Every structure is written in C-alpha cells, then in structure tokens.
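Enquirer: just to be clear, the model below is a prediction. Sequence and coordinates:
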Amino acid sequence: MLAAVELYNKTAFEYREEAFCVLIVNAWEVLLKARIVSRNNDEIDTIFLRDSAGNIRRSSLTNSPLTISLDRALNECDAPSAVKKNVETLFGVRNEITHLGPLHPDLRRKISQFGTASVTNLSTLLQRWFDEPIEGTYLLPVGFIGDAVGVSVDPSRRQNQLLRDLQSIASNSEDEDEDFNVALSVRIEIARASGGGGTIGISSDPNAPRVTISDDELLELYPDTFDDMVEACGNRYQDFKRNADFNHHLRTMKADPEIAKQRHLNPSRPSSASQWFYNVAKVFDHLDEVYSVRDD
C-alpha cells in the first residue's frame, strides 16, 4: 500500500493510476488473506486453493501452493460492504485501464477518488484487525495540481464508459459504516499567502478574516445567473433534469460560499429583493458526482 501511495505521489510519473491500481489491489489481496488466516488460528492452508478432491493446487512453474482469488477472499472475511464495493471497483479498474493507453484527466480524477477511499479503508482495517497503525497515507499528487500537462488525450469510447460506470458507482453508494467509504475526494486549492502567513479566500468560517467585496469583484467570483447555470448544466450533462433531485443539490450548493452568493438589492436590509449568482466551474465540481458528463 505504501508503494502505491509513494508512486502515485511522485511529481512526474506518467503511469500513475495504472501502477497505483496494480499495487493497491495487491495490498488488499494480502490483507484480506491475512485476515482469513488470522481468523482460522493462523492456519496458512486455509487460503490455499484446492481441487474437487481436496488436494492443494500448485503452480506449474514453481510448484508453490496456489491461493484463493481476491473475490473469494472478500466474501470469506468480514470486510464492510463499502470496502467490498471499493475493492471490487478498483479490481475492475485495474483490469481495464492497463489496456487503455493514456488516460483522460476526468477519468484520472475519478480513479483518484476511489483510490483515496481505498487507502483510508485499508489503513483503518489494518489498525482494527492487526493493531498496525499507519498515518499520513493520502493521495496528494502535488506535482500536478490542476490538469496534468503533457500529451492531449481524447477519451476513447471505453474510457468514457468506464468514467460513467465509476460516476454511477460513486453516486449510488450509501456507506453504512461511517469509518469506510467507496469513494472520497481530496480538494487542494492554492491561495496567495497573506503577510501573516495565512490564506484569504471565500469561507463560512466565522473566525476567518472579513473582507469587503465590491460589485465588480462579486461578479468576477460569481459571474453566472441561475438561468446561465441551468443552461450550462443542460449542455454538460446528458441526464440533467430540473426536478426534486436537482433542487436538493441546489440547496446544498447555495450553502457553499465557493459556489453561490445571494446579492440583496439593499445589502443593509436582508429582507430586500435579492438574486442568486453562481460560479459554474464550482457547480460542475459538485454536480460531476451526480450527473453523467456528455461524451462530445
């Protein structure tokens, strides 16, 4: 697992997601089989693969015992449902992306969400099952904040399908255990440091420094009206509809000071007429987890 995180966090590494998936799946296979052995009085042969007669199957190359598959290990240990879904997803991703060539940035970002959840899940279970703490294991590719620089990649049909599948899995997953997740996002933002060493940005933190924003600056931060935002969403997402589900996400976005801002006609009177303005780029950051991005 540490090898997977180390490779992923390298500042210049073209085969990042492919190498990460190979190593993290390997890490899960080792951990799950160790869990099965531990629960069976440390009898190593409990993970050996046997034929119909009960004989241990062996490698034709080295004659060493063959062990059970990852799928079977997942089913035989007491891993939470979110962990199973995460590992099964990354196992499928590993099998797919090793044949896809350079990956589109949207697909790379989506894989990182499942990878981040997988690392945190594995660290938690390692502590819970074997009392082995690991700290600071996060996927933070500091070398390419923002879109990766390099050869432009046009997503293939297979990449687009994989991206839609991952979006669907992430959006339809309800984690029953708060300690485990199917997918997680890590947000990194760069801000100009103030003289005191802190940062200044839009925040709902009551302890944050307060600044006054002019009308022109407000329109720069939130340039889009509600109609502009809805039209942009309709153009970006193939399954977008203005329905109760969208209204639910709209309320969430309005509560995020990075996404939306309410402007009153008379700022000194909260009861005066008002209009909401949005930052469509931030809206997309939120709704990309909900709707399917068009292929074209």
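Expert: Noted; the coordinates are in hand.

Enquirer: from now on I want contacts and neighbour counts done on CA atoms only, so please keep to that.
Expert: Fine.

Enquirer: please report the distance of the residue nearest the centre of the chain from Gly92.
Expert: Nearest to the mean C-alpha position of the chain, counting by CA atoms, centre = their mean, stands Gln113 at 1.3 Å. Counting by CA to CA, to the nearest Å, the gap between Gln113 and Gly92 amounts to 15 Å.

Enquirer: just the helices in the stretch 51-200 of the chain please.
Expert: 70-76, 81-97, 105-130, 157-171 (DSSP state H, counting those that start in this stretch).

Enquirer: let's have these in a markdown table, adding distance to Pro257 and mean pLDDT.
Expert: A markdown table is the format used below for the helices of the stretch 51-200 of the chain (distance: least, CA to CA, whole Å; pLDDT from 0 to 100):
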| stretch | distance to Pro257 | mean pLDDT |
| --- | --- | --- |
| helix 70-76 | 41 | 92 |
| helix 81-97 | 30 | 92 |
| helix 105-130 | 23 | 89 |
| helix 157-171 | 23 | 85 |
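
Enquirer: and of those helices, who's closest to Val22?
Expert: For Val22, the closest of the helices of the stretch 51-200 of the chain is helix 81-97, at 6.1 Å, according to CA to CA.

Enquirer: in that closest one, what's buried?
Expert: 81-91, 93-94, 97 (16 or more other CA atoms under 10 Å).

Enquirer: could I get those as CSV with distance to Val5?
Expert: Converted to CSV, those look like this (distance: CA to CA, whole Å):
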residue, distance to Val5
Ser81, 23
Ala82, 20
Val83, 18
Lys84, 20
Lys85, 20
Asn86, 16
Val87, 16
Glu88, 19
Thr89, 18
Leu90, 15
Phe91, 17
Val93, 17
Arg94, 15
Ile97, 18
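
Enquirer: nearest to Ala183, of those residues?
Expert: Nearest to Ala183 out of the buried residues of helix 81-97 is Asn86 (CA to CA; 7.2 Å).

Enquirer: OK, contacts around the nearest residue to that closest one once chain neighbours are set aside?
Expert: Spatially, and ignoring its direct neighbours in sequence, Asn86 is nearest to Val182 (4.7 Å; CA to CA, 6 or more residues apart in numbering). Residues in contact with Val182 (CA atoms under 8 Å, 6 or more residues apart in numbering) are 82-83, 85-86, 114, 117-118, 170, 173, 175.

Enquirer: show me the two of the residues you listed that sit farthest apart.
Expert: Ser118 and Ser173 (14.3 Å).

Enquirer: so for the two, which sits in the more crowded spot?
Expert: Shown here are Ser118 and Ser173; by other CA atoms under 10 Å, Ser118 has more neighbours (27 against 15).

Enquirer: mind listing what the more buried one touches?
Expert: 24, 83, 86-87, 181-183.

Enquirer: output those in CSV; the columns should cover distance to Ser156.
Expert: Formatted as CSV, the contacts of Ser118 follow (distance: CA to CA, whole Å):
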residue, distance to Ser156
Ile24, 25
Val83, 29
Asn86, 24
Val87, 24
Asn181, 29
Val182, 25
Ala183, 23
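
Enquirer: quick one: which two of the residues you listed are the most distant?
Expert: Applying CA to CA across these, the maximum distance is between Ile24 and Asn181, 15.4 Å.

Enquirer: quick one: Leu184 and Asn9, what's the gap?
Expert: Counting by CA to CA, the separation of Leu184 from Asn9 is 17 Å.
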